[in-house]
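# Take this sequence and fold it.
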Amino acid sequence: MKTPFRIFLLSVLSIQLAYAEEIRMAASDLLAEFITPHLKAFAEENDLHLTIDDIGSLPAMDRLRANEIDLAVVAFPESAEVPREEFSVFPLAYSTAVLVVNNGNPINELSLSRLGGIFGSSEEFNFNTWGELGTSGWRTRNIKPLAGPAEGSISLELFRHSVLSGRALKSSVAMLRDSEIEDAITRDIASIGILSALPEKSNLKVLMLSGGQGDPAFSPTSENIYLGDYPIRLPFYIAFNPRDEGKVKPILRALLSAEISESLNKNDLFALPETARNRMLVELDFRD
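This next block holds a predicted model:
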């Protein structure tokens, strides 16, 4: 026979279980593996019932609109309209392409149109020597374009979309493994390579890029990418229905944590600058 006290405890437990709603989440398959372990550990430590599906961005948004999930982490190309009137949206991270040359190369910056002339097969310009780009003392030195995207990275596709409008690369672009490209640029002073992330070797130089000839050029720092000054980027956003903010707020804080930021940075992505993350966390606190 159950005592009144035991009945009371069971009632409290039932209320708590009912209150601990399942938080349903979907994350782009381009970054899900980098955030899922941290989110699951956070949910376990905080007694949250969290499910995470690893799917494409378009299916994730369809499921969010159908109320089949509570929160989505999705990629929106720069050409796409971010649905800020429909959902609450927070930036989370960016994918990009980094252009690298040997330290001995005198060039420091390029515009997207000039990059197109180096790498593209049907662009406005067609550059084959560094002298054609005005590089002093390198009049007849041939440009040797390379590409070495990391496995699973979309940096090369992003480069083609942002610089070549999706058109083809020149047949002269050598495709290398990501583990090979830095050594190749180190050995050949006339080479230029497309990387998925900042190089590890100190004898390589990262080029600043500008959207147009004569425009200011910017390096691929987290701040410049976040502000949109660096012209090659694919943003990832956190999206949810405003009515569910209270429910998903713990996961929002976890997504904006230093731990997840570090994981993204270690896996060829650029997380938000720390100042931007902290500002968003403060905004969330004020909205409690």
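
# what's downstream of the helix or strand of the chain with the lowest mean pLDDT, the next helix or strand?
The helix or strand of the chain with the poorest confidence is helix 4-19; it has a mean of 46 (mean pLDDT, DSSP states H and E). Using DSSP states H and E, the helix or strand that follows helix 4-19 in sequence is strand 22-28.

# For residue 21, give me its contacts.
49, 247 (Cβ atoms under 8 Å, 6 or more residues apart in numbering). For the C-beta atoms, the positions are set from N, CA and C on the backbone; glycine is no exception.

# where's it relative to residue 49, distance?
7 Å (Cβ to Cβ, to the nearest Å).

# Surely residue 36 is in contact with residue 54?
Yes: at 7.2 Å, residue 36 counts as touching residue 54 under the criterion of Cβ atoms under 8 Å.

# Look at those two and report which has more neighbours.
Using other Cβ atoms under 10 Å as the criterion, residue 36 and residue 54 rank with residue 36 on top: 17 against 14.

# For the strand or helix carrying that one, list every residue counted as buried.
Remark: residue 36 resides in helix 32-45, with elements defined by DSSP H and E. The neighbour-count check on helix 32-45 (16 or more other Cβ atoms under 10 Å) flags 32, 34, 35, 36, 38, 39, 42, 43 as buried.

# quick check, nearest of the residues you listed to residue 102?
Checking those against residue 102 with Cβ to Cβ, the nearest one is residue 34 at 30.6 Å.

# which residues does residue 88 contact?
By Cβ under 8 Å, 6+ apart, the neighbours of residue 88 are 239, 240, 241, 242, 245.

# still on that earlier bit, what helices and strands are in contact with the helix holding residue 36?
Applying 3 or more Cβ pairs under 8 Å, 6 or more residues apart in numbering; DSSP states H and E, we find helix 32-45 packed against strand 22-28, strand 49-55, helix 245-255, helix 258-266.

# tell me the angle the longest one makes with strand 49-55.
This means helix 245-255. Orientation check (axes from the mean of the first three to the mean of the last three Cα atoms, to 10 degrees): helix 245-255 against strand 49-55 gives 70 degrees.

# Pull the distance from helix 245-255 to the chain's centre.
20 Å (Cα atoms, centre = their mean, to the nearest Å).

# Give me the phi and psi angles of the closest residue to residue 262 other than its chain neighbours.
Spatial nearest neighbour of residue 262, excluding adjacent residues (Cβ to Cβ, 6 or more residues apart in numbering): residue 271 at 7.7 Å. Main-chain torsions, residue 271, degrees, to the nearest 10: phi -70, psi 170.

# The most centrally placed residue in the chain: helix or strand, and which one exactly?
With distances taken as Cα atoms, centre = their mean, residue 94 lies nearest the centre of the chain, 2.3 Å away. Assigned by DSSP H and E, residue 94 belongs to strand 88-95.

# Quickly list what's touching both of residue 36 and residue 54.
The contact lists of residue 36 and residue 54 share residue 27, where a contact means Cβ under 8 Å, 6+ apart.

# Any figure for the gap between residue 244 and residue 197?
Applying Cβ to Cβ to residue 244 and residue 197 gives a distance of 34 Å.

# ditto for residue 271
Taking Cβ to Cβ as the criterion, residue 271 is separated from residue 197 by 12 Å.

# These two - which one has more neighbours?
Neighbour tally, residue 271 and residue 197, criterion other Cβ under 10 Å: the higher count belongs to residue 271, 26 against 21.

# what sits against that one?
The contact partners of residue 271, taken as Cβ under 8 Å, 6+ apart, are 92, 93, 222, 260, 261, 262, 264, 265, 277.

# and which of those residues is nearest to residue 154?
residue 93 (12.9 Å).

# Could you check the pLDDT of that closest one?
Per-residue pLDDT puts residue 93 at 98.

# Alright, I will stop here.
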